[in-house]
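Peer 1: Make a model of this:
(one chain, ligands or ions: 1)
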Amino acid sequence: MTQHKPIKRALISLSDKEGLEPLAAALVRHGTELVSTGGTAKKLREMGHDVRDVSDLTGFPEMMDGRVKTLHPKVHGGILAVRDNPQHVASMEEHDIGPIDMLVVNLYPFEATVASGADRDTIIENIDIGGPSMVRSAAKNHRDVAIVTDPGDYDAIIGELDGHGGLTQEFRTMLAAKAFALTASYDAMIAGWFAHADLGQAYPETRVLAMRMADELRYGENPHQQAALYLPHGPERGLAAAEQVQGKALSYNNLNDADAAFELVAEFAGQKPSVVIVKHANPCGVAQADSLLDAWKAALACDSVSAFGGIVATNVPLDAETAEAITQIFIEVVVAPDASDEAKAIFAKKKNLRLLLTGDLPDADRPGQSMKIIAGGILVQDRDNGSIGKDDLKVVTKRQPSEQELEDALFAWTVAKHVKSNAIVYAKDGSTAGVGAGQMNRRDSARIAAAKAEEAAETHGWDEVRTKGSAVASDAFFPFADGLMAAVEAGATMVIQPGGSIRDDDVIAAADEAGLAMVFTGMRHFRH
Ligand SMILES: NC(=O)c1ncn([C@@H]2O[C@H](COP(=O)(O)O)[C@@H](O)[C@H]2O)c1NC=O
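Peer 2: As a prediction, this is how the structure comes out:
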């Protein structure tokens, strides 16, 4: 049977004293002697408990604004001594060191201090030194010492004390693992603050990532893959901060697709009502219109086959009419800044549909980084926040684009930025006409996008395929004229692309011959 080791003496030193009362009461009930630092000792006395001050134990006053309180052999010896090691026992006797069986600590609130906008000196003062030192000592000696760092564990500890009079080795090991994760995360936050905030290093020599599990997911991309969502410490941001109003638990693929939809729709923040439909992380229909309902209809019309089981994102709050229309087909997730009560009630009828409300959309041009795991490493890059406006465009053809062509071109360009390479996007009158994604050559993407537009025309019984008279965006330059010619065959009259190929002259000549207007952006948007 696993032995439950009693706690004869506990050192308690807490910044966050929440939940202390029942834990202290349980310890006292089981005959534990309490030793404590200034503020915590005061609190315990207010609760009516006998407490020994740590300064009494060490023979030194707490000093230097609390920088030195527990950093003393009487504390660390009492924690680190191996109880059945005769030499350690002899040292304890020689130096009058008593064993400490439990340490209850939480650390100075470094993260909250940074978040509060405090000045540098205050931030530095909130780097806990004595706390992590004790935590590491106790976690190392978890064979004999219980290290309690998470108030979420207090109840279980009280249960063990009341039920068995002490804690098992397994319990102490679990606590130790948690304690080392805490000190590692704490130091990661401090190192991150120094590198990023204090020294302005976006790519420091050593990068420490500390993340907490926010959700255990049912599985990963496929059912045989285990998966979880991890978030960095600090305030939740972006899609991770969204409120899930209803629906089944979000899956790995839902989160990945919803993020793609959310990032694309954020490009349209503050613009006309816009709808993005994403499938397998690529947009399959994107539209802007005077009403959200019209934007939904236009986005859906682009590729209603692919939209089935898709993810929908909007740039304005959902209204009842749009909610009603969306629920006419099977949609996995809807992401929106907000939703009216009527819209929520309509979605509520679709029990499985996940509705995520994000509040204001993030700035699409914000700085940041993206990461991708490769075998044996992580690729880190600035997030693709590059954007262009009309003034950045260089007309390279004889024909100048019309205002409408320019608008459609910029819209197609914005969508193409969020389509996996090779990306070709046709757009007309503020909505996509065809999206070609993820092909190994540009010509195939151009053909696939055009074929989708033809299919949409057949499905909806339109007289004309919407690529006729459209603007086409290519996420990177056309290395040959063949990709451009595929767009000409589809009826595009305007091209937007980065330019920069050694065969640009051939491509421009082909565009001139076909009577196209073509602009170069000077910026590429590969997305893999
Ligand atoms: N300096 C030390 O020796 C020291 N020992 C413990 N602490 C921290 O002091 C805090 C508790 O202080 P108080 O009990 O005075 O409110 C805890 O967050 C603990 O981690 C210390 N403070 C900072 O380093």
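Peer 1: Ile123: what secondary structure?
Peer 2: Secondary structure, DSSP: H, G, I helix; E, B strand; the rest coil: Ile123 is helix.
Peer 1: roughly how far apart are it and the ligand?
Peer 2: Distance of Ile123 to the ligand, given as Cβ to the nearest ligand atom, to the nearest Å: 14 Å. To be clear about C-beta, it is placed using only N, CA and C from the backbone, and glycine gets the same treatment.
Peer 1: if I read this right, that residue contacts Ile190, doesn't it?
Peer 2: No: with contact defined as Cβ atoms under 8 Å, Ile123 does not count as touching Ile190 (9.2 Å).
Peer 1: Could you pull up the residues touching Leu173?
Peer 2: If you look again at residue 173, you'll see it is Thr, not Leu. The contact partners of Thr173, taken as Cβ atoms under 8 Å, 6 or more residues apart in numbering, are His142.
Peer 1: Local confidence estimate at it?
Peer 2: What the model reports for Thr173 is a pLDDT of 98.
Peer 1: Helix, strand, or coil at it?
Peer 2: The local conformation at Thr173, judged by three-state DSSP, is helix.
Peer 1: Now the common contact residues for Ile123 and Ile190.
Peer 2: Common neighbours of Ile123 and Ile190 (Cβ under 8 Å, 6+ apart) are Phe110.
Peer 1: Contact partners for the residue lying farthest from the centre of the chain?
Peer 2: Centroid-distance maximum for the chain: Glu94 at 53.2 Å, with Cα atoms, centre = their mean. Applying Cβ under 8 Å, 6+ apart to Glu94 gives no contacts.
Peer 1: Also Asp153?
Peer 2: Remark: with contacts taken as Cβ under 8 Å, 6+ apart, Asp153 is in contact with Leu175, Lys178.
Peer 1: ok but it is inside a strand, no?
Peer 2: No: per three-state DSSP, Asp153 lies outside any strand segment and is helix.
Peer 1: isn't Ala195 right up against Gln201?
Peer 2: Yes: taking Cβ under 8 Å as the definition, Ala195 is a contact partner of Gln201 at 4.5 Å.
Peer 1: Neighbour count: those two, which is higher?
Peer 2: Ala195 (18 against 13; other Cβ atoms under 10 Å).
Peer 1: Check the gap between the more buried one and Val208 for me.
Peer 2: Look at Ala195 and Val208: by Cβ to Cβ, to the nearest Å, they are 9 Å apart.
Peer 1: Can you pull out the low-pLDDT segments for the stretch 351-500 of the chain?
Peer 2: Scanning the stretch 351-500 of the chain for pLDDT under 70 picks out no residues.
Peer 1: Please enumerate the strands of it.
Peer 2: 354-357, 369-374, 377-382, 394-395, 424-428, 431-436, 471-474, 494-497 (DSSP state E, counting those that start in this stretch).
Peer 1: Let's have these in a markdown table, adding distance to Gly77.
Peer 2: Supplementary listing: these in a markdown table, determined by distance: least, Cβ to Cβ, whole Å:
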| stretch | distance to Gly77 |
| --- | --- |
| strand 354-357 | 53 |
| strand 369-374 | 43 |
| strand 377-382 | 41 |
| strand 394-395 | 73 |
| strand 424-428 | 68 |
| strand 431-436 | 68 |
| strand 471-474 | 69 |
| strand 494-497 | 71 |
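Peer 1: In CSV: those strands, plus distance to the ligand and mean neighbour count.
Peer 2: Shown next, in CSV, are those (distance: least, Cβ to the nearest ligand atom, whole Å; neighbours: other Cβ atoms under 10 Å):
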stretch, distance to the ligand, mean neighbour count
strand 354-357, 36, 22
strand 369-374, 31, 10
strand 377-382, 32, 10
strand 394-395, 59, 12
strand 424-428, 54, 31
strand 431-436, 54, 31
strand 471-474, 55, 32
strand 494-497, 57, 29
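Peer 1: For the chain, which residues are neighbours of the ligand?
Peer 2: Proximity of the chain to the ligand is confined to 13-15, 37-40, 66-71, 105-108, 128-131 under the rule Cβ under 6 Å from any ligand atom.
Peer 1: switch the cut-off to 5 Å
Peer 2: Residues of the chain lying close to the ligand by Cβ under 5 Å from any ligand atom are 13, 15, 37-40, 69-71, 107, 128-131.
Peer 1: Most neighbours among the residues you listed, please name it.
Peer 2: Thr70 (27 neighbours).
Peer 1: shouldn't that residue be in contact with Gly130?
Peer 2: Yes: under the criterion of Cβ under 8 Å, Thr70 makes contact with Gly130 at 4.5 Å.
Peer 1: where do the contact lists of the two overlap?
Peer 2: Counting by Cβ under 8 Å, 6+ apart, the contacts common to Thr70 and Gly130 are Ser13.
Peer 1: what comes up buried for stretch 50-58?
Peer 2: The neighbour-count check on stretch 50-58 (16 or more other Cβ atoms under 10 Å) flags Val51, Asp53, Val54, Ser55, Leu57, Thr58 as buried.
Peer 1: again, but for stretch 182-201
Peer 2: Across stretch 182-201, burial judged by 16+ other Cβ under 10 Å covers Leu182, Thr183, Ser185, Tyr186, Ala188, Met189, Ile190, Gly192, Trp193, Ala195.
Peer 1: Please narrow those residues to those residing in helices.
Peer 2: Judged by DSSP state H, the subset of these located in helices is Leu182, Thr183, Ser185, Tyr186, Ala188, Met189, Ile190, Gly192.
Peer 1: Any chance of TSV for these, columns pLDDT and distance to Ala339?
Peer 2: Below are these laid out as TSV (pLDDT from 0 to 100; distance: Cβ to Cβ, whole Å):
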residue	pLDDT	distance to Ala339
Leu182	97	38
Thr183	98	42
Ser185	96	35
Tyr186	97	39
Ala188	96	37
Met189	95	35
Ile190	96	40
Gly192	94	35
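Peer 1: Tabulate the residues of the chain next to the ligand (a markdown table), appending pLDDT, distance to Asp155 and secondary structure.
Peer 2: Converted to a markdown table, those look like this (pLDDT from 0 to 100; distance: Cβ to Cβ, whole Å; DSSP: H, G, I helix; E, B strand; the rest coil):
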| residue | pLDDT | distance to Asp155 | secondary structure |
| --- | --- | --- | --- |
| Ser13 | 98 | 20 | strand |
| Ser15 | 97 | 20 | coil |
| Thr37 | 97 | 24 | coil |
| Gly38 | 95 | 27 | helix |
| Gly39 | 96 | 23 | helix |
| Thr40 | 98 | 19 | helix |
| Lys69 | 94 | 28 | coil |
| Thr70 | 95 | 26 | coil |
| Leu71 | 96 | 31 | coil |
| Leu107 | 97 | 21 | coil |
| Asp128 | 97 | 25 | coil |
| Ile129 | 97 | 29 | coil |
| Gly130 | 97 | 27 | helix |
| Gly131 | 98 | 22 | helix |
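Peer 1: can you tell me the distance between the two ends of stretch 356-376?
Peer 2: This stretch, stretch 356-376, spans 35 Å end to end (Cα to Cα, to the nearest Å).
Peer 1: Burial check on Ile7, number of neighbours?
Peer 2: By other Cβ under 10 Å, the residues close to Ile7 number 23.
Peer 1: That one against Leu34, yeah?
Peer 2: No: Ile7 is beyond contact range of Leu34, at 10.2 Å (criterion: Cβ under 8 Å).
Peer 1: okay, and the common contacts of the two?
Peer 2: Leu27.
Peer 1: Return the distance of Leu406 relative to the ligand.
Peer 2: 60 Å.
Peer 1: right, and that residue touches Lys390 too?
Peer 2: Yes: counting by Cβ under 8 Å, Leu406 does reach Lys390; the two are 6.2 Å apart.
Peer 1: The two: who's more crowded?
Peer 2: Neighbours around Leu406 and Lys390, counted as other Cβ under 10 Å, are more numerous at Leu406. The numbers are 19 against 12.
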